[in-house]
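Peer 1: model this:
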Amino acid sequence: MAVTVDIENLVEQLAERVDALERENRILREENSILKRGLFGRGPERIDAGQLALWSPGEAPAPPPSEDDAPVRTRETKTKKAGHGRAPFAADLPREVIELDLAEDQRVCDCGRPLCRIGEEVTERGHLVPARIVVRRYVRPKYACPDGHTVKTAPLPDGVIDGGKYEASVYAHVAASKYADHLPLHRLEGIFKRRGLALSKQTMWDMLVRVDELVAQPVLGQTWRELLAEGVLHSDETPVTMCLEEGKGSRTGYAWGWRNLRGAGPPKVLIDFRQSRSRDGPLAFLKDWSGTLIADGYSGFDEVVARNGIVRAGCWAHARRKLKEALDTGSREAARVLVHVQRLFAVERAITQRAQRLELNFDGLVELRRQVRGRHAEKLLERIYAEAQALSRARSTLPKSKLGKALSYLDGQRGPLSVFAGDPRLPIHNNDSERDLRHVAVGRKNWLIFASPRGGEVACRLYSLVLSCKQSGVDPEAYIEDVLGAVSTTPASRIAELTPWAWAARRSAGSR
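Peer 2: Alright, predicted model coming up:
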C-alpha cells in the first residue's frame, strides 16, 4: 500500500514538473521570437491588418459598432491627383544666373534674315558649393598723435572668447554637426582636415563647453522655468553609457526628456542628464510643480506624483506595444484586446485629420476631442478592459508570458490610461517625448558612450537646444551663431528673448 501511495505522489510530482517545464518552454520561445524579430523583423509596432483576424478557435471578432456608436471616419474620399513631377527649388535659395546665348553668326535664319529675340527658356539645376574655411583677417590702421600723446585703433568685434582663434560660426558648426547631425568629434576632425584646417578633438570639445556655458545653460534655465509654468508635461527617459573616473569602468546614465503639449504653445524641449533612473530625477526637475504628467508606468515617478498631487496620465502606445509583442510571439488571444486598442487610435487619428482639414487651433482641437471622445472613448475603454479581464482569468494565460505581462500592465495602469477620456487637452500617448529621445538614441549609435558624467550633462543640454530648434523650425547652426554674439549684451532679465521659439518668432516677424 505504501508503494502505491509513493507511485501516486511521484506521478503527481512529475505531472507538476512537466506542466512547469511546458510553461517555461513557452516563455523561452516567446523571448526567442522577440529577439529574432528585433534582429530580422519589421518595426515592433507595425500591425498587419490580417493579424487582428487571428482569433481563438470557435470565437469571432467583436461585432462592428452600430451607426450611432461608430467612430468618426478615418479616411476621407480622395480625388485623384495629377503626377507630382519635379518639386521646384525653394524660392529663398540664392540664384546664380548663367546666360547661354547664341553666337553672333548663329543668330541668322537660313533665309538670311537676322533672328529676333522673342523670349527665353529658363532651366534650374541645383549646384552644391562645398563648405570652405575662410580666414577673416582684421586689419586695423593705427593712428598716433604727432606729439606722442595717444595711439588709437578701431576695436575688434567681440569674439566668443578673448583672444580666441575662431569665429562664432565655427563654434556653431561644431555644435550642430555633433548634436544635430550626430557626427563624432573624430569624424569632424577628419572633415576639417580635408578643408585645410587642423582642429583637434580637444579644441572642439572646449568649444562645445563654451557654447554650453554661454548659450545652453542660461537659455535652458529659462526653458525650465517656462516648462514648470505649463499645466501639462510629457516625460520619458532613455539609457546612455558613460565612463567613470579613470580606471573605474563605465555605468549606465539616463537622459530624461521633458516637453510641453504639442500645439498648446511654442514647443519647448529639455533633456536632463542624470546618473541613475531613480526617483531623484523627477523630484529634482519638477520641484513643487503640480499639473498633469503624461508618462509610462515607471515607478520612479510615483513619489513626486504623490507628493505634489500630480495627475498622472498613461501612454496607450506603451500598452499597445506590449500587446503587439504578445501577438508576435504567438499569443493569438492578444488580438481580442488589440483590435479595440486599434479602434481607440483610429478615433484619435480621425480627430487629428478633421482638425487639420478645418485648420483648428489648439482650443478648437480640444473642443473637437471633447465632442468625439464623449461618444466613443468610454465605450472603447469598457470593451478593452472587459476583454483583458476575461483573458486574465483564462487558465491558458501565463502570468510571466508576454500576454500575461501586457494584461498586467493594462490592469495596473487602468487609472492613468483612462485620464485622457476626461481631459480633452491630452493625447492618448507619449510619442512626442519618445520622438525627442529617439534623436538622442540615433546619436548614441554614433558616439557610443559619454566620456564622463560632465560630458553627459553638456551633451544633453546641447541636445535640448537642437531639439527645441528643430521643433521651432529653426536652423540650430544659425541660431547658435547668432545667440553666441547676442548673449553677452543681453541682461538676465531678457534671456527669454534668446530661446529658440522667441528667436524664431522674431525672425518670422522681421521677414514680413
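Peer 1: any chance you could map the strands in the stretch 101-250 of the chain?
Peer 2: 143-144, 151-152, 232-243, 250-260 (DSSP state E, counting those that start in this stretch).
Peer 1: Turn those strands into CSV, columns for mean pLDDT and distance to residue 301.
Peer 2: Where you see a C-beta, it was placed from the backbone N, CA and C, and this is true even at glycine. Output for these, formatted as CSV (pLDDT from 0 to 100; distance: least, Cβ to Cβ, whole Å):
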stretch, mean pLDDT, distance to residue 301
strand 143-144, 92, 66
strand 151-152, 92, 62
strand 232-243, 94, 7
strand 250-260, 94, 11
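Peer 1: Next, count neighbours for residue 315.
Peer 2: Residues lying near residue 315 (other Cβ atoms under 10 Å) number 25.
Peer 1: What separation is there between it and residue 432?
Peer 2: Residue 315 is 11 Å from residue 432, where distance means Cβ to Cβ, to the nearest Å.
Peer 1: With residue 311 instead?
Peer 2: Where residue 432 is concerned, residue 311 sits at a distance of 18 Å (Cβ to Cβ).
Peer 1: Over to residue 118?
Peer 2: 56 Å.
Peer 1: Please say which of these two ends up with more neighbours.
Peer 2: residue 432 (19 against 5).
Peer 1: hang on, the earlier thing: the strands of the stretch 101-250 of the chain: which one's closest to residue 438?
Peer 2: When the strands of the stretch 101-250 of the chain are compared by Cβ to Cβ, strand 232-243 sits nearest residue 438, at 8.3 Å.
Peer 1: what comes up buried for the closest one?
Peer 2: Of all the residues in strand 232-243, those buried under the rule 16 or more other Cβ atoms under 10 Å are 232-238, 240, 242-243.
Peer 1: swap in stretch 246-257?
Peer 2: 253-257.
Peer 1: same question, stretch 106-116
Peer 2: By 16+ other Cβ under 10 Å, stretch 106-116 has no buried positions at all.
Peer 1: Mind putting the buried residues of stretch 246-257 into JSON lines with distance to residue 370?
Peer 2: Converted to JSON lines, the buried residues of stretch 246-257 look like this (distance: Cβ to Cβ, whole Å):
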{"residue": "253", "distance to residue 370": "41"}
{"residue": "254", "distance to residue 370": "36"}
{"residue": "255", "distance to residue 370": "35"}
{"residue": "256", "distance to residue 370": "31"}
{"residue": "257", "distance to residue 370": "28"}
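Peer 1: which among the residues you listed gets closest to residue 340?
Peer 2: For the buried residues of stretch 246-257, the nearest to residue 340 is residue 257 (29.3 Å; Cβ to Cβ).
Peer 1: Enumerate every residue touching the closest one.
Peer 2: Residues in contact with residue 257 (Cβ atoms under 8 Å, 6 or more residues apart in numbering) are 234-238, 269-272, 433, 436-437, 440.
Peer 1: From those, pick the one nearest residue 128.
Peer 2: Using Cβ to Cβ, residue 440 is the member of the contacts of residue 257 that lies nearest residue 128, at 29.3 Å.
Peer 1: Distance-wise, check the closest one relative to residue 102.
Peer 2: The separation that residue 440 has from residue 102, given Cβ to Cβ, amounts to 57 Å.
Peer 1: Those two - which one has more neighbours?
Peer 2: More crowded of residue 440 and residue 102, by other Cβ under 10 Å: residue 440, with 19 against 10.
Peer 1: which stretches of the stretch 201-350 of the chain form helices?
Peer 2: Assigned by DSSP state H, counting those that start in this stretch, the stretch 201-350 of the chain shows helices spanning 201-211, 217-227, 280-286, 302-308, 316-328, 334-357.
Peer 1: other SSEs contacting the fifth one?
Peer 2: For helix 316-328, the contact count by 3 or more Cβ pairs under 8 Å, 6 or more residues apart in numbering; DSSP states H and E identifies helix 2-40, helix 334-357, helix 402-412 as packing neighbours.
Peer 1: which parts of the shortest one are buried?
Peer 2: Going by neighbour count (16+ other Cβ under 10 Å), the buried part of helix 402-412 is 402-407, 409-410.
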